[in-house]
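# model this:
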Amino acid sequence: MTALTLSTAAASGLRADAIVVGVAKGPKGPVVAPGAEAVDKAYDGGLAGILETLGASGSEGEVTKLPAPSGFKTPVVLAVGLGAAPEEDDGFDAEALRRAAGAAARALAGSKKAAFALPVTDAADAGAVAEGALLGAYSFDAYKDTTGAAKNGKGPLGEVTLLGGKPRDAAYKAAVARATALTDELNRARDLVNTPPNDLNPESFAAVATTAGKEHGIKVQVFDEKALVKGGFGGILGVGAGSAAGPRLVKLSYTSSKAKKHLAFVGKGITYDSGGISLKPAGHNETMKCDMAGAAAVFAAVVTAARLGLDVNVTGWLALAENMPSGSATRPGDVLRMYSGKTVEVLNTDAEGRLVLADALWKASEEKPDAIVDVATLTGAMVLALGNRTFGVMANDDAFRASIVDAAEEVGEESWPMPLPEHLRKGMDSPTADIANMGERMGGGLVAGLFLREFVGEGITWAHVDIAGPAFNEAGPFGYTPKGGTGSAVRTLVRLAELTAAGDLG
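Presented below is the predicted three-dimensional model:
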């Protein structure tokens, strides 16, 4: 795990493998960003010109390495692009700082220590740089030989020293503590998403949650198969019926004595999705270990809320199952009686996420929380609509939907508000059951949202976040985002909890 410290030391005297400076894209070429004044001065004010000669422009994420100037104890200067230079009286926004710090941390994999001299004007900037660096330094090596020559010097950056910070300032210390807690748990969510399904099944996921609960004072209740049968959780049981690994429903409860509001987060946790009897074809099932990313996000958000001591009660519900084909699997045409009492005709066993979420949503509704947010890698239709980096947000309350989109933007997650068109509900009418798990093909992501709405308790504010696109990055890494599990929606959920605790939401 990468360590992080604040320092007021002079850049020239700090011992590290590299010093990171920012460079922005100006109208006439690269511009050295604030924070790098001492480094620029050591180059006799010519750092921007040197970088331009080397081909640097200041574009976002661009990385340029050059020898450190004479007198510095660091051998390398790494200039990272911040994107367009802000207006004269404006600073760099938090997301630009996060992405630049993340790109630099990735480029310094294998290094023991780096000093970051990026623009830091206040505690919020310090938090953004810390967050980006710690997320960018992430590496999933659990299944790799990391000993001796096999390591090849490419482990994650070992230590980040944040220059320009104020180690004794309460606001700076709080910002860094928040960034550390948040990134620890977000990176744990990434680990869970990246863990192969032969090692992560519903039982082992529940065990991880139980251990974390003991560590952070979170009450954890695990509903095993026997409890699910007794409780009538037909959706979760129906999805897990084909697997040798039985399903689980996990409840994590963080409570604060000062809380005035209660949030419930519900996460889809399909630890492997073969599609069931409606089997996915080759080319569509190789990354389906990531179908539990919603549950991982909810788990991470609840633990982060506990570590930050937020004055809000947060309950997380992890609906865990493995969707496999076998002689005991649910078949297309079967009817499941859900925990709510409604019956669902299963027309496609690969539309399974909505079935486990439906049971969890109804269970969460029994506690009458002030709001429920479910998070799921739910539909390919949402990926077609919004691409691989943006999640869709649907809700039964327009103001609440807008609050989630705003929170996502604030923390640097791309999202888009989506509607719940009433005319699409009719497509899920079933001649056999109360509702079918499939409707019209066009607008499939919206249909899924309408299905979930049927299982939210009356009068409860609810939103559905479909992270099917950004949850798992199959392309190359960028900014602070690695290849593989990304931890999508964790920061948005945490920000919602913070806003609620502060009385700024609802």
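# Could you look up the SS state of D406?
helix (DSSP: H, G, I helix; E, B strand; the rest coil).
# cool, M382 as well?
helix.
# Run a quick check on it versus G469, I expect a contact.
Yes - using C-beta atoms under 8 Å, M382 makes contact with G469 at a distance of 6.3 Å. Just so you know, the C-beta spots here come from the backbone N, C-alpha and C atoms, and that holds for glycine as well.
# So which of these two has more stuff around it?
Between M382 and G469, counted using other C-beta atoms under 10 Å, M382 has the larger neighbour count: 27 against 23.
# check contacts around the more buried one.
Neighbouring residues of M382 by C-beta atoms under 8 Å, 6 or more residues apart in numbering: F391, G392, M418, G445, D466, A468, G469.
# now do 7 Å
Taking C-beta atoms under 7 Å, 6 or more residues apart in numbering, we find M382 in contact with G392, G445, D466, A468, G469.
# gap between it and G235?
21 Å (C-beta to C-beta, to the nearest Å).
# Please name the bridge partners of G485.
F472 (DSSP bridges).
# hang on, isn't it packed against C290?
Yes - using C-beta atoms under 7 Å, G485 makes contact with C290 at a distance of 6.3 Å.
# Show me the common contact partners of the two, please.
With C-beta under 7 Å, 6+ apart, G485 and C290 have common neighbours V193, F472.
# which of the contacts of M382 lies closest to A56?
Proximity of the contacts of M382 to A56 was ranked by C-beta to C-beta; the top entry is G469 with 31.2 Å.
# Make sure S59 is indeed in a helix.
No - under the criterion used here (three-state DSSP), S59 is coil, not part of a helix.
# Offset the numbering so it begins at 31, please.
With 31 as the first residue, the last one maps to S89.
# Run through the residues that contact the nearest residue to it once chain neighbours are set aside.
Sequence neighbours aside, G111 is the residue nearest to S89 in space, at 4.7 Å (criterion: C-beta to C-beta, 6 or more residues apart in numbering). G111 makes contact with V53, G88, S89, E90, G91, E92, A130, according to C-beta under 7 Å, 6+ apart.
# so how far is R129 from the fourth one?
Right, E90. Computed with C-beta to C-beta, the distance linking E90 and R129 is 6 Å.
# which one of the two has more residues nearby?
Legend: neighbour count by other C-beta under 10 Å for E90 and R129, higher for R129 (25 against 18).
# and after the host helix or strand of the more buried one, which helix or strand comes next?
Using DSSP states H and E, R129 falls within helix 124-137. Later in the chain than helix 124-137, the nearest helix or strand by DSSP H and E is strand 143-147.
# other SSEs contacting that next one?
If you count contacts as 3 or more C-beta pairs under 7 Å, 6 or more residues apart in numbering; DSSP states H and E, strand 143-147 packs onto strand 48-56, strand 189-193.
# Enumerate the positions of that strand that are buried.
K143, A144, A145, F146, A147 (16 or more other C-beta atoms under 10 Å).
# for these, which one is nearest A527?
Checking the buried residues of strand 143-147 against A527 by C-beta to C-beta gives F146 as the nearest, at 27.8 Å.
# What does the pLDDT read for the closest one?
Confidence at F146, expressed as pLDDT, is 98.
# so where is the stretch 131-280 of the chain shaky, pLDDT-wise?
Applying pLDDT under 70 to the stretch 131-280 of the chain flags residues 178-183.
# For it, just list every one of the strands.
143-147, 189-193, 249-253, 278-284 (DSSP state E, counting those that start in this stretch).
# Next, the angle from the last one to strand 249-253.
Regarding strand 278-284 and strand 249-253, their directions subtend 170 degrees when assessed with axes from the mean of the first three to the mean of the last three C-alpha atoms, to 10 degrees.
# Helix or strand next in line after strand 278-284, which one?
Past strand 278-284, the next helix or strand by DSSP H and E is strand 292-303.
# Let me know how buried D436 is, in neighbour terms.
Per other C-beta under 10 Å, the neighbour tally for D436 reads 15.
# where's it relative to T530, distance?
Distance, D436 to T530, by C-beta to C-beta: 13 Å.
# How far does whichever helix in the chain runs longest sit from its chain's centre?
Longest helix in the chain, counting residues (DSSP state H): helix 200-224. Relative to its parent chain, helix 200-224 has a centroid offset of 11 Å by C-alpha atoms, centre = their mean, to the nearest Å.
# Next, the angle from that helix to strand 189-193.
150 degrees.
# elements contacting helix 200-224?
If you count contacts as 3+ C-beta pairs under 7 Å, 6+ apart, helix 200-224 packs onto strand 33-37, helix 153-166, helix 323-338, strand 514-515, helix 520-531.
# if I read this right, A388 contacts I266, doesn't it?
No - judged on C-beta under 7 Å, A388 makes no contact with I266 at a distance of 8.9 Å.
# circling back to that earlier point, what residues of the longest helix of the chain count as buried?
202-203, 205-206, 208-213, 215-224.
# Likewise for stretch 149-156?
Neighbour-count burial for stretch 149-156, counted by 16+ other C-beta under 10 Å, picks out P149, V150, A153, D155, A156.
# Now for these: which two are most distant?
P149 and A153 (13.4 Å).
# So V53 versus W446, what's the distance?
Per C-beta to C-beta, V53 is found 31 Å from W446.
# When these two are compared, which one has more neighbours?
Comparing V53 with W446 by other C-beta under 10 Å, the one with more neighbours is V53, at 29 against 14.
# still on that earlier bit, now, of the helices and strands packed on helix 200-224, which is deepest in the fold?
Highest mean neighbour count among these (mean count of other C-beta atoms under 10 Å): helix 323-338, with a mean of 29.
# After that helix, heading C-terminal, what element do we hit next?
Toward the C-terminus, helix 323-338 is succeeded by strand 343-353 as the next helix or strand (DSSP H and E).
# Can you list the strands that that following strand pairs with?
Here, using DSSP bridges, strand 343-353 pairs with strand 278-284 (antiparallel), strand 292-303 (parallel).
# Now do the contacts for F295.
V328, A331, V332, V344, G346, V403, V405, L523.
# JSON lines for those residues, including pLDDT and distance to T176?
Output for these, formatted as JSON lines (pLDDT from 0 to 100; distance: C-beta to C-beta, whole Å):
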{"residue": "V328", "pLDDT": "99", "distance to T176": "30"}
{"residue": "A331", "pLDDT": "98", "distance to T176": "29"}
{"residue": "V332", "pLDDT": "98", "distance to T176": "30"}
{"residue": "V344", "pLDDT": "98", "distance to T176": "35"}
{"residue": "G346", "pLDDT": "98", "distance to T176": "32"}
{"residue": "V403", "pLDDT": "98", "distance to T176": "37"}
{"residue": "V405", "pLDDT": "98", "distance to T176": "32"}
{"residue": "L523", "pLDDT": "98", "distance to T176": "32"}
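# farthest-separated two in those residues?
Between all members of these, the farthest pair (by C-beta to C-beta) comes out as V344 and V405, at 13.2 Å.
# Pick the most deeply packed of the helices and strands packed on strand 143-147.
Among the helices and strands packed on strand 143-147, the stretch with the highest mean neighbour count (mean count of other C-beta under 10 Å) is strand 48-56, at a mean of 25.
# Each with direction, which strands does that strand pair with?
strand 59-62 (antiparallel), strand 106-114 (parallel), strand 143-147 (parallel).
# Which one of those lies nearest to N231?
Closest of the strands paired with strand 48-56 to N231 is strand 143-147, at 38.1 Å (criterion: C-beta to C-beta).
# can you list contacts of that closest one?
Applying C-beta under 7 Å, 6+ apart, the set of residues contacting strand 143-147 is 41, 44, 46-51, 65-66, 69, 104, 131, 134, 138, 159, 163, 187-194.
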